[in-house]
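**Q** have a look at this prediction, sequence included:
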Amino acid sequence: MKTIDSLGEVRGKRVLVRSDFNVPLDGTTITDDGRIRAALPTLRRLADAGARVVVTAHLGRPKGEPKPEFSLAPVAARLGELLGAPVALAEDVTGPSAQKVVGDLADGQVALLENVRFDARETSKDDAERAQLAGELAALADAFVSDGFGVVHRKQASVYDVAQLLPAAAGELVLKEVESLSRATGDPERPYAVVLGGSKVSDKLGVIANLLTKADRLLIGGGMVFTFLAAKGLEVGTSLLEKDQIDTVKGYLATAEENGVEIVLPTDIVVADAFDAPAPAGVVAADAIPADKIGLDIGPASGELFAAKLADTRTIAWNGPMGVFERADYAAGTTAVAQGIVDATAKGAFSIVGGGDSAAAVRVLGFDEAGFSHISTGGGASLELLEGKELPGLTVLS
Ligand SMILES: Nc1ncnc2c1ncn2[C@@H]1O[C@H](COP(=O)(O)OP(=O)(O)O)[C@@H](O)[C@H]1O
Ligand SMILES: O=C(OP(=O)(O)O)[C@H](O)COP(=O)(O)O
């Protein structure tokens, strides 16, 4: 991959940087700024070298139209604090406000464009639509640096298409992530366990087919688990469920058995009357979820089981919290898994935690980041890299 050095002298040049600022928010308060901190080395390096730095990024999934709750305003403020200099936020993605903000930049200053997913062309499946937005982004800059590792698995205008229109390079974060993750991509030391959870179930079920040929053990929790329980013919109440994936998951269970891959499912589940109920309704056996309850965490017996299944491993990849860890009532499963990984790492295992929310969970739940071998800013991206897939946002940089 081309590096920032390949861009030559950047003083006075406008450099467009794609960062991943998809941070967890509580209203307009950033609850974990890990992804913003991770972007600093590239931004500081370019600013210190005298570049006029224009950052483009997304927040959440606003579905192609401006929505105030997905504004990058809190990010611009936090980024300014961390850089020690104000960061101007354009009110649009590539329109008059973006053009003015970029035009006003002095050498060494940093500005941020509004959420690139406010423009439907960003995530369009139509190559021409994406190319059009990429052209507008490219017109704002003289060079492009791709540093949003969490999004390099997405073939999107600000990640993939724009890199073909400008001299392009990988940023410091992307280089560091790829190097750290490479240790688990080739021939990982065994036993190799993958822990999957979270809420992006349909996105991440896809990686399982490939993991069934690579991992020795697959531990499933979070919102992911209910499609597995349903595939076993069990009631899952009102829990997160990908109905149209049930047959696929049945296939995974059969392949796992054929390949000798152990799939570990929770034996108990913390349930509530509704997602927003003020308190949990209790813990039930995983094969006895009442039809009117929703599963929001793996139960205490499952936490112990998962930790035990991690104890003898030599390589661990974890993506996706085991429950709705943002609320203390549903954080115990994620804590148990994180502790199991820390213990295995202390005994010499190589451990990777990936994903915006998983990495945030580790910090918010009070774990020392040093207890893990690598905390990746990308969940889907790190999983796809571990699968051995070609990631469009990386291939386009070589
Ligand atoms: N049982 C569940 N039901 C609904 N949401 C869940 C459940 N378990 C975990 N989650 C949610 O999953 C989210 C994180 O999912 P995801 O984005 O896939 O992870 P990451 O960002 O680490 O890749 C968290 O906000 C958490 O509250
Ligand atoms: O949060 C992200 O990914 P992750 O949840 O897999 O870590 C990235 O910002 C990508 O977001 P997306 O999954 O909406 O494309």
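**A** Ah, there it is. Ligands and ions are numbered 1, 2, ... in the order given.
**Q** so which bits of the stretch 151-300 of the chain are right by ligand 2?
**A** 151, 154, 200 (CB under 6 Å from any ligand atom). For every residue, glycine as well, the C-beta is placed using N, CA and C.
**Q** isn't T345 right up against V353?
**A** No: counting by CB atoms under 8 Å, T345 does not reach V353; the two are 10.1 Å apart.
**Q** columns neighbour count on top of the residues of the stretch 151-300 of the chain next to ligand 2, output as TSV?
**A** Listed next are these as TSV, based on neighbours: other CB atoms under 10 Å:
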residue	neighbour count
V151	25
R154	20
K200	17
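**Q** which of T345 and V353 has more neighbours?
**A** Taking other CB atoms under 10 Å, T345 and V353 do not tie; V353 has more neighbours (26 against 18).
**Q** dump the residue contacts of the more buried one.
**A** By CB atoms under 8 Å, 6 or more residues apart in numbering, the contact set of V353 is 318-319, 338, 341, 359, 362, 372, 374-376.
**Q** what do you get if the cut-off is 7 Å, keeping everything else the same?
**A** V353 makes contact with 318, 359, 362, 372, 375-376, according to CB atoms under 7 Å, 6 or more residues apart in numbering.
**Q** got any residues that touch both of T345 and V353?
**A** If you check T345 and V353 against CB under 7 Å, 6+ apart, the residues they both contact are F372.
**Q** excluding sequence neighbours, find me the nearest residue to the residue of the stretch 251-398 of the chain found nearest ligand 2.
**A** With CB to the nearest ligand atom, the shortest gap between the stretch 251-398 of the chain and ligand 2 falls at G379, namely 2.9 Å. Spatially, and ignoring its direct neighbours in sequence, G379 is nearest to G355 (2.6 Å; CB to CB, 6 or more residues apart in numbering).
**Q** mind checking how far that neighbour is from S199?
**A** Between G355 and S199 the computed distance is 11 Å (CB to CB, to the nearest Å).
**Q** please identify the helix or strand for R78.
**A** helix 73-83 (DSSP states H and E).
**Q** assign L16 to helix, strand or coil.
**A** Per DSSP: H, G, I helix; E, B strand; the rest coil, the secondary structure class of L16 is strand.
**Q** quick one: least confident helix or strand in this structure?
**A** helix 201-211 (a mean of 89; mean pLDDT, DSSP states H and E).
**Q** show me what it is in contact with.
**A** The contact list for helix 201-211 (CB under 7 Å, 6+ apart) reads 194, 196, 198, 218, 223-224, 227, 240, 242, 245, 248-249, 252, 319-320, 380, 383-384, 387.
**Q** so which of those residues are in helices?
**A** Counting by DSSP state H, the contacts of helix 201-211 place 227, 248-249, 252, 380, 383-384, 387 in helices.
**Q** most neighbours out of those residues, which is it?
**A** Top of these by neighbour count (other CB under 10 Å): L383, with 28 neighbours.
**Q** mind listing what it touches?
**A** 204, 207, 319, 354.
**Q** same question for N259.
**A** Residues counted as contacts of N259 (CB under 7 Å, 6+ apart) are 212-213.
**Q** buried ones in the host helix or strand of Q132?
**A** Assigned by DSSP H and E, Q132 belongs to helix 127-138. Residues of helix 127-138 classed as buried: 129-134, 136-138 (neighbour count, 16 or more other CB atoms under 10 Å).
**Q** avg pLDDT for that helix?
**A** Throughout helix 127-138, pLDDT has a mean value of 98.
**Q** likewise for stretch 167-177?
**A** 98.
**Q** distance between the ends of that stretch?
**A** Taking CA to CA, to the nearest Å, stretch 167-177 runs 22 Å from one end to the other.
**Q** how far off centre is it?
**A** The chain centroid and the centroid of stretch 167-177 are separated by 17 Å, computed with CA atoms, centre = their mean, to the nearest Å.
**Q** between G355 and S199, which is the more surrounded one?
**A** Remark: of G355 and S199, G355 carries more neighbours, 27 against 14, as counted by other CB under 10 Å.
**Q** contacting residues for the more buried one?
**A** Taking CB under 7 Å, 6+ apart as the test, what G355 contacts is 198, 319-320, 378-379.
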